[in-house]
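[1] sequence and predicted structure are below.
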Amino acid sequence: MSAPAPQSDPSDPSGAPAPGRPRPGATEPVLPVTFRPTRTRIVLLTVGVVMFTVITLVALLLEKLGPGERASFVLTALIFLGVLAMLSRPKVVADATGVTVVNLTRTRRLEWAEILRVNLRSGDPWVFLDLSDGSSLPVLGIQPGIAKDHAIRDARALRALAESHGTGTEKK
């Protein structure tokens with residue numbers, strides 16, 4: 001059962017409510033909560049394991065390969081699996097004190113007050129956080145690739161959390 005979609009200002013492509021208006025129907029998930037592209041993760045890890053298995057079996061079954069060549073096949077398969085595992089790493093963990101954003105190679109911890117706005121505009125590859133230091137942080141853990149409705153629901157939930165736990169308004 002899904003929560004009703006929050007109302008937004010139709011002139012704002014990010015889906016944010018008009019300034020000063022509450023977000024009707026915005027429901028917060030129970031903390032701590034983890035957002036991640038589960039289907040994408042399943043596909044990447046499954047493909048990685050299958051590739052590793054097939055390449056390793058080929059290396060073991062080819063009779064003309066020497067030990068060094070077999071090892072290079074297995075090492076190559078392991079590299080492929082490692083890259084796909086790294087691509088499946090992104091997630092966002094929200095708890096009472098803030099948000100941990102895990103992207104491909106970096107992890108960043110943010111306090112709720114540092115997050116001014118959660119954005120997922122039409123055509124964006126993933127969510128972006130507008131931060132109090134004036135920068136924007138990509139959040140690869142919420143991406144509309146395979147499951148667009150799921151990503152929109154996660155972005156709205158993260159936005160509701162940021163609005164209720166953080167400042168909820170931009171600092172000028």
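    Perfect, I can see it now.

[2] domains of the protein?
    According to automatic domain parsing, the chain comprises the domains 39-87, 90-165.

[3] now do the strands in this protein.
    Ranges of strands within the chain are 33-35, 91-95, 98-102, 107-111, 115-119, 127-131, 136-139, based on DSSP state E.

[4] other SSEs contacting the first one?
    Contacts of strand 33-35 with other secondary structure elements, assessed using 3 or more CB pairs under 8 Å, 6 or more residues apart in numbering; DSSP states H and E, are made with strand 91-95, helix 148-165. (C-beta placed from N, C-alpha, C; glycine too.)

[5] including distance to Val139 and mean pLDDT, could these go into CSV?
    Listed next are these as CSV, based on distance: least, CB to CB, whole Å; pLDDT from 0 to 100:
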stretch, distance to Val139, mean pLDDT
strand 91-95, 6, 96
helix 148-165, 8, 91
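
[6] output the below-cut-off pLDDT ranges for this structure.
    Applying pLDDT under 70 to the chain picks out residues 1-27, 167-172.

[7] so how many other residues sit close to the closest residue to Gly98 other than its chain neighbours?
    Leaving aside its sequence neighbours, Gly98 sits nearest to Glu111 (CB to CB, 6 or more residues apart in numbering; 4.4 Å). Using other CB atoms under 10 Å, Glu111 is surrounded by 12 other residues.

[8] one more: Glu63?
    Glu63: 5 surrounding residues under other CB under 10 Å.

[9] burial count for the closest residue to Val139 other than its chain neighbours?
    Of all residues not flanking Val139 in the chain, Val127 sits nearest, at 4.2 Å (CB to CB, 6+ apart). Residues lying near Val127 (other CB under 10 Å) number 26.

[10] pretty sure Val127 contacts Ile152?
    No - if you go by CB atoms under 8 Å, Val127 and Ile152 don't touch, sitting 9.9 Å apart.

[11] quick check: neighbours shared by these two?
    Here Val127 and Ile152 have Leu120 as joint contacts, going by CB atoms under 8 Å, 6 or more residues apart in numbering.

[12] from Asn103, how far out is the residue nearest to Val139?
    Counting by CB to CB, to the nearest Å, the separation of Val127 from Asn103 is 11 Å.

[13] give me the common contacts of these two.
    Common neighbours of Val127 and Asn103 (CB under 8 Å, 6+ apart) are Pro138, Val139, Gly141.
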